[in-house]
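Trainee: Quick one: sequence and predicted model below, then my questions.
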Amino acid sequence: FLDDSIVIEMHPAEEAFAGGISFQKAFEWNETSRGFREVYKRDGYVVAMKKYLSLLLVSVFCLTAFFGCGKNVKPGDINGYDEGETYLSIWVHIIEETPEGQAYLKSVQSFNEHFNGKYFADVEFIPRNDSGGGYSDKVNASVLSGNLPDVLTVDGPNIAAYAANGIIQPLAPLTDEERSVYLNSILTQGTIGNKLYALGAMESSVGLYYNKQILREAGIEVPSSDNPWTFSEFLDILEKLKPIMAEKNGYALDMTFPVGETTIYYYAPFIWSNGGDFVSEDGLTTKDIFDSDTNAETLNYFKTLNEKGYMSSVPISNLFESGRAAFKFDGAWEVNTIYTSYPDIELGVAPYIVGDNWNGERYTPTGSWAYAVSSECDNVEAATELVKWMSGVESSITLYENIKSMPSTYAAYEQISTFTEDENYKALYEQLRDYGRPRPKTPAYPQLSSSFQQTLENVAISGMDAKDQLSKAEERISDKLERYTRK
């Protein structure tokens, strides 16, 4: 019954998130090979194809697409899943044997114990590979096959894309008391279009670290968190430190712009605190926002840091850790790195610097992995209970104990003595609590993030024109957003 005109269309995949490519997947019969080829179409045209598939494999794929896989688990099929319980599948992005994986497993087990007789959660561990694939590849494939779990982990910056493409659905409503458990940044990160889609498994922060001994030598006092150094004041500080650091064969500031997520994570606060932004509130427009004159001014500030010799134009390993830099922007993990590997460094955390006209709004780095309910889940209330448990106080504390991640709930910080007794961890928590702001929320986030990194590097290190580079980057982001704005 097959001929070369037959096309078996699978339901469209709105986004291949790993690559940011919009496509429709289909299987086409090829008479020459007497088999199917897997093709990807855009606007009706084949833009890519993969290997030839046998009729048997396609039949299996089609059956999976129509009937799903693992959705028909029955009581008794899995140890602990009993008659009368609602079955909930959950995917996490890590290997089970790791400390993080063990934390997730412990939380799932405690959920099953607490809700014994009512719910049963079944966790599957799907690790990411070195390039960030693996887990996201599995999610992408399951979007095509209709085989998503009830609950899955989503990296914070990708929540908007998952929501826009119908991969996740809003959580069941939370009471005001339930919402009050979570940090403001967690609720903001998970909210898209006034609907709460996700709750964080953990949080994160970035510090402006300083060497106390060097600042004492220079006679520099660190301001309070509510009165951070402005851009102009920080330039004066760096100028004062420059000759001191030259004697140490170093630089006043250890700053780099690495490829990947780090650059926007560390330096988006410079944009926000100086009155700029990346994208409109609905996440769909970047014109006259990403490429604004205000953002050009901010990028030129980075160029000044390099041109005046306050930082190295090429990365230098362990510059701060070896005592050859007075300041460094880095994640919360830097505290433990210094404590365990560089105990001679007298470490402090200064408030993140702000634009000269900062008005006190939230601006500091936040964001990490969160839990969401997939669009294929038919019991949102039950899945939301699992999301709340996995992101709650007990689970936050378990994750901290295993991997020293920053918790997502207020009560966890109160119960972990490190955040009340250690001045550096306390400063990172208070910064997160009072000024934390999630990364830009847009379905084109991967393109926005990579474009910002390349633009910042081009301007700060290569000396290119800020306005021109921003305009070119904005066009690329707008191209990615076009499919979301078509009427």
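Mentor: Looks like it came in fine.
Trainee: Please point out which parts of the longest helix along the chain sit buried.
Mentor: Counting residues, the longest helix found in the chain (DSSP state H) is helix 466-485. By 16 or more other C-beta atoms under 10 Å, the buried positions in helix 466-485 come out as 466-467, 469-470, 473-474, 476-478, 480-481, 484. Every residue, glycine included, has its C-beta placed from N, CA and C.
Trainee: With distance to Thr86 and pLDDT as added columns, please give the residues you listed in TSV.
Mentor: Output for those, formatted as TSV (distance: C-beta to C-beta, whole Å; pLDDT from 0 to 100):
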residue	distance to Thr86	pLDDT
Ala466	54	98
Lys467	56	98
Gln469	52	98
Leu470	50	98
Ala473	47	98
Glu474	47	98
Arg476	45	97
Ile477	42	98
Ser478	44	97
Lys480	38	95
Leu481	38	96
Tyr484	34	92
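Trainee: ok, the residues you listed vs Ala370, which is closest?
Mentor: Ala370 lies nearest to Tyr484 out of the buried residues of helix 466-485, by C-beta to C-beta, at 21.3 Å.
Trainee: which stretches of the chain have low pLDDT?
Mentor: Of all residues in the chain, those with pLDDT under 70 make up the ranges 1-71, 130-132, 487.
Trainee: Please repeat the previous calculation with a cut-off of 90.
Mentor: 1-74, 76, 128-134, 144, 259-260, 485-487 (pLDDT under 90).
Trainee: Need phi/psi at Asp293.
Mentor: Dihedral angles of Asp293 (phi, psi; degrees, to the nearest 10) stand at phi -60, psi -30.
Trainee: Just give the nearest non-adjacent residue to it, would you?
Mentor: Once flanking residues are discounted, Asp293 sits nearest to Lys467: 7.2 Å by C-beta to C-beta, 6 or more residues apart in numbering.
Trainee: quick one: what helix or strand has Leu208 in it?
Mentor: Per DSSP states H and E, Leu208 falls inside strand 206-211.
Trainee: Could I get the full set of helices for the stretch 151-300 of the chain?
Mentor: With DSSP state H, counting those that start in this stretch as the criterion, the stretch 151-300 of the chain has helices at 159-164, 176-179, 184-190, 212-218, 231-247, 262-273, 293-307.
Trainee: For the fifth one, buried residues please.
Mentor: Within helix 231-247, the residues that count as buried by 16+ other C-beta under 10 Å are 231, 234-235, 237-238, 241-242, 244-245.
Trainee: what does the fourth one give?
Mentor: Residues of helix 212-218 classed as buried by neighbour count (16+ other C-beta under 10 Å): 214-215, 218.
Trainee: Dump these into CSV; add distance to Ala382 as well.
Mentor: Listed next are these as CSV, based on distance: C-beta to C-beta, whole Å:
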residue, distance to Ala382
Ile214, 55
Leu215, 53
Ala218, 58
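Trainee: closest one to Ser107 among the helices of the stretch 151-300 of the chain?
Mentor: The minimum distance between Ser107 and those falls on helix 184-190, with 16.2 Å, by C-beta to C-beta.
Trainee: before we move on, back to that, and which of the buried residues of helix 212-218 is nearest to Trp358?
Mentor: Proximity of the buried residues of helix 212-218 to Trp358 (C-beta to C-beta) peaks at Leu215, which lies at 22.1 Å.
Trainee: Over to the closest residue to that closest one other than its chain neighbours. Which of the three states is it?
Mentor: Leaving aside its sequence neighbours, Leu215 sits nearest to Ala326 (C-beta to C-beta, 6+ apart; 6.5 Å). Assigned state for Ala326: strand (three-state reduction, DSSP: H, G, I helix; E, B strand; the rest coil).
Trainee: I figured Ser185 was touching Ala370, is that so?
Mentor: No: between Ser185 and Ala370 there is no contact under C-beta atoms under 8 Å: 11.1 Å.
Trainee: For the longest helix of the chain, output the C-alpha coordinates as PDB.
Mentor: Provided in PDB are the C-alpha atoms of helix 466-485 (Å, rounded to 0.1, in the frame of the first residue of the first chain):
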ATOM      1  CA  ALA A 466      28.400  49.000  20.600                       C
ATOM      2  CA  LYS A 467      25.400  50.400  18.800                       C
ATOM      3  CA  ASP A 468      26.200  48.600  15.600                       C
ATOM      4  CA  GLN A 469      26.900  45.300  17.400                       C
ATOM      5  CA  LEU A 470      23.700  45.500  19.400                       C
ATOM      6  CA  SER A 471      21.600  46.300  16.200                       C
ATOM      7  CA  LYS A 472      23.000  43.200  14.400                       C
ATOM      8  CA  ALA A 473      22.400  41.000  17.400                       C
ATOM      9  CA  GLU A 474      18.900  42.300  17.800                       C
ATOM     10  CA  GLU A 475      18.000  41.400  14.200                       C
ATOM     11  CA  ARG A 476      19.100  37.800  14.800                       C
ATOM     12  CA  ILE A 477      17.000  37.600  17.900                       C
ATOM     13  CA  SER A 478      14.000  39.100  16.200                       C
ATOM     14  CA  ASP A 479      14.300  36.500  13.400                       C
ATOM     15  CA  LYS A 480      13.900  33.800  16.100                       C
ATOM     16  CA  LEU A 481      10.900  35.600  17.700                       C
ATOM     17  CA  GLU A 482       9.100  36.000  14.400                       C
ATOM     18  CA  ARG A 483       7.400  32.600  14.500                       C
ATOM     19  CA  TYR A 484       5.900  33.600  17.900                       C
ATOM     20  CA  THR A 485       4.500  36.900  16.700                       C
END
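Trainee: any residues touching it, and which ones?
Mentor: The contact list for helix 466-485 (C-beta atoms under 8 Å, 6 or more residues apart in numbering) reads 20, 22, 164, 279, 284-287, 290-293, 295-297, 299-300, 303, 442-444, 447-448, 451-452, 454-455, 458-459.
Trainee: Would you mind listing which of those residues are buried?
Mentor: Buried residues within the contacts of helix 466-485, counting neighbours by 16+ other C-beta under 10 Å: 22, 164, 279, 284-286, 290-292, 295-297, 299, 303, 442-444, 447-448, 451-452, 454-455, 458-459.
Trainee: Not counting the helix or strand harbouring Pro446 itself, show me its contacts.
Mentor: In the assignment (DSSP H and E), Pro446 maps to helix 445-460. Contacts of helix 445-460 with the rest of the structure, by C-beta under 8 Å, 6+ apart, involve 17, 20, 157-158, 160-161, 257-261, 263-264, 267-268, 278-279, 286, 290, 299-300, 302-303, 305-306, 439-440, 442, 464-466, 469-470, 472-474, 476-477, 480.
Trainee: repeat that for 7 Å
Mentor: By C-beta atoms under 7 Å, 6 or more residues apart in numbering, the list of residues contacting helix 445-460 from outside reads 20, 157-158, 160-161, 257, 259, 261, 263-264, 267, 278-279, 299, 302-303, 306, 440, 442, 464, 466, 469-470, 473, 476-477, 480.
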